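Enquirer: Need a 3D model of the sequence below.
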Amino acid sequence: MTKLDFPVLKTKTVDKKRYYITPEGNEYPSITTVLSPRNKEGLMKWRKKVGEDVANHICNKAATRGTKVHKMCEDYLNGLDMEHHKKDFLPWCLFNELKKQTFDNISDVIGQELVLYSDKYKVAGRTDLIAEYKGKLSIVDFKTSTNERKDSYNENYYIQTSAYAEMFEELTGNSINQIVILVVTEDGIVQEFIKDKKEYIPLLEETLNEWYKK
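Expert: Numbers count the residues shown, from 1 in each chain. Got it, this is the predicted structure:
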């Protein structure tokens with residue numbers, strides 16, 4: 001399959017919630033916005049335990065780290081010069097571990113940072129990477145983490161990438177069943193999680209139903 005072009009969708013923010021405006025003028029919430037209330041109780045307990053200032057510092061640090069590593073992955077796969085990234089020492093080290101251990105499995109890139117949407121599910125979002133992974137067309141997401149992640153911690157990620165797979169099929173007619181989460185931790189451990197989207201479609205539908213009820 002060759003690279004595909006998708007329309008660039010405008011976004012708007014309402015009450016700190018992101019919406020994408022489709023070519024037909026529909027306003028659909030981002031899948032990350034829809035998923036944000038899931039399992040929030042544990043996050044709120046953690047914030048209460050460590051305090052708001054510490055929690056904000058940790059979250060901002062993690063977000064910055066993740067953004068930088070993701071940009072390095074994107075630039076590398078696009079064949080761009082990487083020299084300027086070396087100034088960010090930790091993200092650069094994490095990127096290189098991720099590249100060394102997983103990028104040989106990536107081929108036939110369809111697109112990066114593609115904005116997708118679904119009229120069926122009334123949701124939209126931006127996916128990190130659509131490519132072959134170990135020979136199967138996949139939705140691939142890059143994640144950074146302070147510590148190793150248990151499989152159960154990734155449920156929202158699995159629902160999110162399954163949503164992207166459904167959106168992609170609706171827009172193109174090409175099915176994607178494999179979803180891949182690639183995680184690199186601050187101590188250089190790389191984790192690979194490969195799933196079948198079919199396992200998470202019921203959770204996606206349940207989450208969207210709850211969102212639209214509210």
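Enquirer: Enumerate the positions of the biggest strand by length in the chain that are buried.
Expert: Identified as the longest strand of the chain according to DSSP state E is strand 106-118. Burial within strand 106-118, assessed by neighbour count using 16 or more other C-beta atoms under 10 Å, is assigned to 106, 110-112, 114-118. In short, each C-beta sits where N, CA and C put it, glycine included.
Enquirer: Give me the helices and strands touching that strand, please.
Expert: helix 52-77, strand 123-133, strand 136-145, helix 155-172 (3 or more C-beta pairs under 8 Å, 6 or more residues apart in numbering; DSSP states H and E).
Enquirer: That strand - which strands sit beside it in the sheet, and in what orientation?
Expert: The strands that strand 106-118 pairs with in its sheet are strand 123-133 (antiparallel) (by DSSP bridges).
Enquirer: what's the offset of the strand it pairs with from the middle of its chain?
Expert: Computed by C-alpha atoms, centre = their mean, to the nearest Å, the chain-centroid distance of strand 123-133 equals 7 Å.
Enquirer: tell me the average confidence for the longest strand of the chain?
Expert: The average pLDDT for strand 106-118 rounds to 95.
Enquirer: repeat for stretch 61-69
Expert: Averaging pLDDT along stretch 61-69 gives 86.
Enquirer: Stretch 35-48 now?
Expert: 72.
Enquirer: Just the buried positions in stretch 182-193, please.
Expert: Quick answer for stretch 182-193 (16+ other C-beta under 10 Å): 182-185, 190-191, 193.
Enquirer: I'd like those residues as a markdown table, with secondary structure appended.
Expert: Listed next are the buried residues of stretch 182-193 as a markdown table, based on DSSP: H, G, I helix; E, B strand; the rest coil:
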| residue | secondary structure |
| --- | --- |
| Leu182 | strand |
| Val183 | strand |
| Val184 | strand |
| Thr185 | strand |
| Val190 | strand |
| Gln191 | strand |
| Phe193 | strand |
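Enquirer: Save the residues you listed as TSV, and put in distance to Gly25 and pLDDT too.
Expert: Listed next are the buried residues of stretch 182-193 as TSV, based on distance: C-beta to C-beta, whole Å; pLDDT from 0 to 100:
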residue	distance to Gly25	pLDDT
Leu182	36	98
Val183	37	97
Val184	40	97
Thr185	43	95
Val190	42	98
Gln191	41	98
Phe193	37	98
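Enquirer: For the longest strand of the chain, which outside residues touch it?
Expert: Under the contact criterion C-beta atoms under 8 Å, 6 or more residues apart in numbering, strand 106-118 has outside partners 1-4, 6-9, 20, 22, 26, 28, 74, 77-78, 123-133, 135, 137, 140, 163-164, 166-168, 170-171.
Enquirer: Buried only: go through the residues you listed for me.
Expert: 9, 20, 22, 28, 77, 123-133, 137, 140, 163-164, 166-168, 171.
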